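> Whatever this is, show me its structure:
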Amino acid sequence: MWCKILLVGVLCTVLPSYGYKAKDMCKTHDKIVAAGYPAERYDVETKDGYILEVNRIPRGKNPWTLRRPVVFLMHGLTGCSNSYVELGPKYAMGFNLADSGFDVWIGNARGVGNSRRHKSLNPDDYFQKKDFFDFTWEHIALNDMPAMIDFALQKSGQDKLHYIGHSQGGTVFLVLNSMKPEYNAKFASAHLLAGVGYQKNFPNTLLKTAAALTTSIHTLASARGVYEIYGPNWNTNRAATRNSAGTPDVEDILEEIVDGADLMAGSAVKQFAHYGQNINDKAFRRWYYTPTMNLLIYGSLDPPKYDLKKINVDVIMHYTVGDELLDERDVLAMVKDLPRATARKVAKADFKHVDFVASSYVKTLVTDFIVEDLRRR
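As a prediction, this is how the structure comes out:
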């Protein structure tokens, strides 16, 4: 029964997330063009063969003759590049930054709608999907981010860029720059919007309870061939997860969750499981295998923690007291460990985790501050 409850808990974690319907999944380029802005899109291949779409708004509607600083935006768990254009030209951060004189690049992680591609693995093939979705957000940090960041810098002819990451977009920034410190030099600044890292004080009681059985649910999902959550094949995976629920009460909760899933862009189950491990362990650390495998891979029985003291970038951590997935105490603890970081509390108590990309209030509460800060640098 606990495994069934955990299944619900893991799925619940995506409810505050965002994305777009599977049939229109991550059509960011079309949305930019429809809004009347110049748009570019590129395919970038990672060193392990994933093919990622990167979107660009090179300027706003009014042409800027001066060289425009590059700003790179990264979405959160189950989201995609749509997250930064979905609110339209008036409120969406991507458009606001372009109109403010920046060269805007928007990344997409492996597995989401427009980056659900690989040079040799087919995510829809019964025998290949397990290998395709065998990744956590650490793989995104160490493989996807370098490929996209390097491409944006090379294409724009610049040697540094400003970074903005929401939720998991903050996670991958922290992981990249702590594990590959050489990338610190490529970031002029970073604004992390509810950037998830430390989770000692994770605020959601239900999910905290569920996280205690992350290993069980990950094993159960794998046994049933479910490696992806909220992708274009979700109806098939939905049947598998509902069959595993086993009781009407759990099925009712799953039904409610799935009905709220139309706005998702897809993620690997293993990404959720990695967060579940960290919540349960109250630590920000690498993937836990088994003690024996940990010893072979890491040289220790437990996975090593990510060392934030290695991040030598000016970081502003934006957070809200209304966040259901990130506690203020964890934000302040990260700021304390980051050598060059400050915390900024959003001045709206009921501002939620997803509101950084889904609320029209984001322009006045967050974006305007970021624009002013970037212009000073």
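> Now do the contacts for residue 171.
Counting by CB atoms under 8 Å, 6 or more residues apart in numbering, residue 171 makes contact with 137, 141, 165, 195-197. C-beta here means a position set from N, CA and C on the backbone, and glycine is covered the same way.
> same thing but at 7 Å, please
Residues near residue 171 by CB atoms under 7 Å, 6 or more residues apart in numbering: 137, 195-197.
> okay if I get those as JSON lines plus pLDDT?
Formatted as JSON lines, these follow (pLDDT from 0 to 100):
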{"residue": "137", "pLDDT": "98"}
{"residue": "195", "pLDDT": "98"}
{"residue": "196", "pLDDT": "97"}
{"residue": "197", "pLDDT": "98"}
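> With secondary structure and neighbour count as added columns, please give these in CSV.
CSV is the format used below for the contacts of residue 171 (DSSP: H, G, I helix; E, B strand; the rest coil; neighbours: other CB atoms under 10 Å):
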residue, secondary structure, neighbour count
137, helix, 25
195, coil, 28
196, coil, 30
197, coil, 23
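> where does the residue positioned nearest the centre of the chain fall, helix, sheet strand or coil?
Residue closest to the average C-alpha location in the chain (CA atoms, centre = their mean): residue 76, at 2.5 Å. Following DSSP: H, G, I helix; E, B strand; the rest coil, the label given to residue 76 is coil.
> excluding its backbone neighbours, what's nearest it?
Distance criterion CB to CB, 6 or more residues apart in numbering; nearest residue to residue 76, sequence neighbours excluded, is residue 167 at 3.1 Å.
> quick one on the thing from earlier: how about the contacts of residue 171 in a markdown table, adding distance to residue 103?
Output for the contacts of residue 171, formatted as a markdown table (distance: CB to CB, whole Å):
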| residue | distance to residue 103 |
| --- | --- |
| 137 | 26 |
| 195 | 23 |
| 196 | 27 |
| 197 | 28 |
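> can you tell me which two in these are farthest apart?
Farthest-apart pair in the contacts of residue 171 is 137 and 195; separation 11.8 Å (CB to CB).
> hang on, isn't residue 116 packed against residue 129?
No. Residue 116 is beyond contact range of residue 129, at 10.6 Å (criterion: CB atoms under 7 Å).
> which of those two has more neighbours?
Each of residue 116 and residue 129 has its neighbours counted (other CB atoms under 10 Å); residue 116 has more, 27 against 19.
> Other residues contacting the helix or strand containing residue 336?
Taking DSSP states H and E as the definition, residue 336 sits inside helix 328-337. Applying CB under 7 Å, 6+ apart, the contact partners of helix 328-337 are 197-201, 308-309, 317, 319, 321, 341-343.
> what bits of this structure have low per-residue confidence?
For the chain, residues meeting the criterion pLDDT under 70 lie at 1-25, 64-65, 231-264.
> Which neighbours do residue 116 and residue 129 have in common?
Contact criterion CB under 7 Å, 6+ apart; residues shared by residue 116 and residue 129: residue 123.
> Could you pull up the residues touching the closest residue to residue 346 other than its chain neighbours?
Closest residue to residue 346 apart from its sequence neighbours, by CB to CB, 6+ apart: residue 320 at 4.4 Å. With contact taken as CB under 7 Å, 6+ apart, residue 320 is in contact with 345-346, 351.
> By neighbours, which of these wins?
Busiest of the contacts of residue 320 [other CB under 10 Å] is residue 351, holding 23 neighbours.
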